[in-house]
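[1] sequence and computational prediction follow.
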Amino acid sequence: PLLSGEGRAASSRRFYGETVADLTNPSRYPYWFSPRYADYAFDVASLPVDGHMLLALIAPRPILQVVGSEDTWSDPRGEFVTARAASEVWRLYGKTGFQADDFPPPDTLVTGDMGFLVHDGGHKALPIDYRAMADFMDLHFRR
């Protein structure tokens, strides 16, 4: 996920940045999600799923999350929280899971079966992101 945030890899229950209510507002992105998602716009606690579950569905395959340090709408810390929570599923498969206990400093690639990069900046793809993606793919897919 590249700058995915709310409704994807970040935790909806953090109530930070973009919210379910923002995403389901008919004037914004009604085509991104199922209409039923709007049922939870103001009752996120009842939402039966969250970002860590979405990430866990990818296990045991490698995944790299890329976020921006100043991207408040995508919620970099929310994506970090969900990666740590989903990591247990990778471990069930005998994989390394998430290799960071603390939120990494900007421009530091966390590697393992679950990768994580926080670039210094906002909601945009930067050259460091592409280098990290290439390095991550080399690590996991080089033949």
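    Received it, and whenever you're ready, just let me know what you need. Residues are numbered from 1 along each chain as shown.

[2] residue 44 against residue 22, yeah?
    No. Judged on CB atoms under 8 Å, residue 44 makes no contact with residue 22 at a distance of 11.5 Å. Where you see a C-beta, it was placed from the backbone N, CA and C, and this is true even at glycine.

[3] packing partners for the biggest helix by length in the chain?
    In the chain, with assignment by DSSP state H, the single longest helix is helix 76-92. Judged by 3 or more CB pairs under 8 Å, 6 or more residues apart in numbering; DSSP states H and E, helix 76-92 is in contact with helix 51-56, strand 63-68, strand 114-119.

[4] where does pLDDT dip in this structure?
    For the chain, the stretches with pLDDT under 70 are 143.

[5] how about a cut-off of 80?
    1, 15, 30, 143 (pLDDT under 80).

[6] in stretch 5-24, what counts as buried?
    Of all the residues in stretch 5-24, those buried under the rule 16 or more other CB atoms under 10 Å are 5-14, 16-20, 23-24.

[7] now do the end-to-end distance for it.
    Taking CA to CA, to the nearest Å, stretch 5-24 runs 14 Å from one end to the other.

[8] same question, stretch 93-110
    For stretch 93-110, the end-to-end distance is 20 Å (CA to CA).

[9] start at 21 instead
    All right, first residue 21 from here; so that's stretch 113-130.

[10] nearest residue to residue 141 other than its sequence neighbours?
    For residue 141, ignoring the flanking residues on the chain, the nearest one in space by CB to CB, 6 or more residues apart in numbering is residue 88 at 5.0 Å.

[11] from residue 103, how far off is that neighbour?
    Note on residue 88: its distance to residue 103, by CB to CB, to the nearest Å, is 15 Å.

[12] and residue 67, by the same measure?
    Using CB to CB, residue 67 is found at 19 Å from residue 103.
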